[in-house]
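> show me the folded form of this:
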Amino acid sequence: MRRLAACLCLLFFALPSCRRPDTRPPDQVVRDLWSDDADDRDAARGTLLKRGKDAVPALLGALAGDDTVAALAAADTLAKIGKDAVPALALALSSAPNSPADRQRSWSIYALGLIGRDAAEAVPLIEEAQRDHALRDVAAEALKRIRG
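Okay, the predicted model is just below:
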């Protein structure tokens, strides 16, 4: 009887975590960051994090959208990807100021700040972005985090 109970417990707790891996391309997975279902958003973040560097372009696109929850999830996921995301995030800072890309630039700076010291190569670009009034505060906070 104990064995049966142990097997049932194992099946009950182990089966939900035995999902098949999400094989969709990152640009399709990133759409789940806009889901109303928190479990779907969390699953998307986990899948994108596992994809690492390959997910960076799709995550950068999410930074430019109007959905703050999705942009925050994308920035957090990029930060967890870490150093591999820094070159693409730094490149996003080079878009023209006062353009529709300002939102992406702001979230990119935020993500670089979350990455911390591993984002040191982006400091000159963040310092330049700090001159833009719209980016001043987020840039100052990111520089503090990166410089430790």
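
> all helices for this protein, in order.
2-14, 26-29, 38-51, 56-63, 68-81, 86-92, 102-115, 123-129, 136-147 (DSSP state H).

> those: which one's closest to residue 20?
Residue 20 lies closest to helix 38-51 among the helices of the chain, at 11.3 Å (Cβ to Cβ). (C-beta placed from N, C-alpha, C; glycine too.)

> would you mind measuring from residue 95 to residue 79?
Separation of residue 95 from residue 79 (Cβ to Cβ, to the nearest Å): 20 Å.

> quick one, which of those two is more surrounded?
Neighbour count, other Cβ atoms under 10 Å: between residue 95 and residue 79, residue 79 has more, with 19 against 14.

> apart from its chain neighbours, what residue comes closest to the more buried one?
Once flanking residues are discounted, residue 79 sits nearest to residue 114: 3.4 Å by Cβ to Cβ, 6 or more residues apart in numbering.

> let me know the pLDDT of that neighbour.
As predicted, residue 114 sits at a pLDDT of 98.

> for this structure, name the helix or strand with the lowest mean pLDDT.
helix 2-14 (a mean of 52; mean pLDDT, DSSP states H and E).

> quick revisit: please work out which of the helices of the chain is packed deepest.
Mean neighbour count (mean count of other Cβ atoms under 10 Å) peaks for helix 102-115 among those, with a mean of 24.

> alpha carbons of that helix, as PDB, please.
What follows is helix 102-115, C-alpha atoms only, in PDB (Å, rounded to 0.1, in the frame of the first residue of the first chain):
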ATOM      1  CA  ASP A 102      12.700  55.500 -27.100                       C
ATOM      2  CA  ARG A 103      10.700  52.900 -25.300                       C
ATOM      3  CA  GLN A 104      13.100  50.100 -26.500                       C
ATOM      4  CA  ARG A 105      16.100  52.300 -25.500                       C
ATOM      5  CA  SER A 106      14.700  52.800 -22.000                       C
ATOM      6  CA  TRP A 107      14.000  49.100 -21.400                       C
ATOM      7  CA  SER A 108      17.400  48.200 -22.900                       C
ATOM      8  CA  ILE A 109      19.100  50.500 -20.400                       C
ATOM      9  CA  TYR A 110      17.000  49.000 -17.600                       C
ATOM     10  CA  ALA A 111      18.000  45.500 -18.700                       C
ATOM     11  CA  LEU A 112      21.700  46.400 -18.900                       C
ATOM     12  CA  GLY A 113      21.400  47.800 -15.300                       C
ATOM     13  CA  LEU A 114      20.000  44.500 -14.200                       C
ATOM     14  CA  ILE A 115      22.800  42.600 -15.800                       C
END
